[in-house]
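Chemist: Show me how the following folds:
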Amino acid sequence: MSTQLPDRGTGRAPAARDLVCRDFRDALGSFATGVTVLTTLAADGQPIGVTISSFNAVSLDPPLILWSLACDSPRLEAFRQAGHYAVNVLSAGQQAISDCFASRDEDRFGTLDVTAGLAGIPLIEGCSAWFECSNEAHYPGGDHLIFLGRVQRFARSEAGEPLIFHAGRYRHLRYDSGQ
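Modeler: Just a heads-up that it's a prediction; the model follows:
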């Protein structure tokens, strides 16, 4: 039996088993997300980081967050082994930082302004918020590893508008002047 997905105005109704990864990714892109950079220290003490948009709150009590990283990421093992990491929630003016940490460039920290968080984890200056976490657990999730972090410390700034990603590109919020 072939299960058909309903036609949602695309003129197509592909069988579920024929779902193409790119089509699935494009559909997921319909959900706007904030943009974060996860930072930690490698076993040798070098700072590492990666751009992530798969960040979510899990629990208020205890304070837990989750995020995921592709299993083929060269930084996966460092994050899996890290005792602590930080979620740096980027502000609208930090698109270049997002691009840098999403690239294959090895020197991602270069001239970036950072301060030391818990266990020396780099916190990126100018972000909208920071969550300093202990590495609570991780779980397999298909082609990604899902990380559960226990928030040890957090802060938010007056950096203004967050950096938003939607439909494969950065976006800006438009505030209603009547609010």
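
Chemist: Would you map the strands across the chain?
Modeler: 33-34, 36-41, 47-52, 56-60, 63-70, 84-89, 114-116, 122-124, 129-141, 144-156, 164-166, 169-171 (DSSP state E).

Chemist: Can you name the residues in contact with the shortest one?
Modeler: Pointing back at strand 33-34 there. Strand 33-34 is contacted from outside by 53, 54, 55, 89, 90, 162, 163, 164, 165, 166, using Cβ atoms under 8 Å, 6 or more residues apart in numbering. (C-beta placed from N, C-alpha, C; glycine too.)

Chemist: Spatially central residue for this structure, please.
Modeler: Centroid-nearest residue in the chain, with Cα atoms, centre = their mean: residue 52, separated by 2.2 Å.

Chemist: And that residue, how far from residue 74?
Modeler: Applying Cβ to Cβ, to the nearest Å, the value for residue 52 to residue 74 is 15 Å.

Chemist: now do residue 148
Modeler: Taken as Cβ to Cβ, the span from residue 148 to residue 74 is 22 Å.

Chemist: Out of these two, name the residue with the larger neighbour count.
Modeler: More neighbours surround residue 148 than the other of residue 148 and residue 74, with 16 against 11 (other Cβ atoms under 10 Å).
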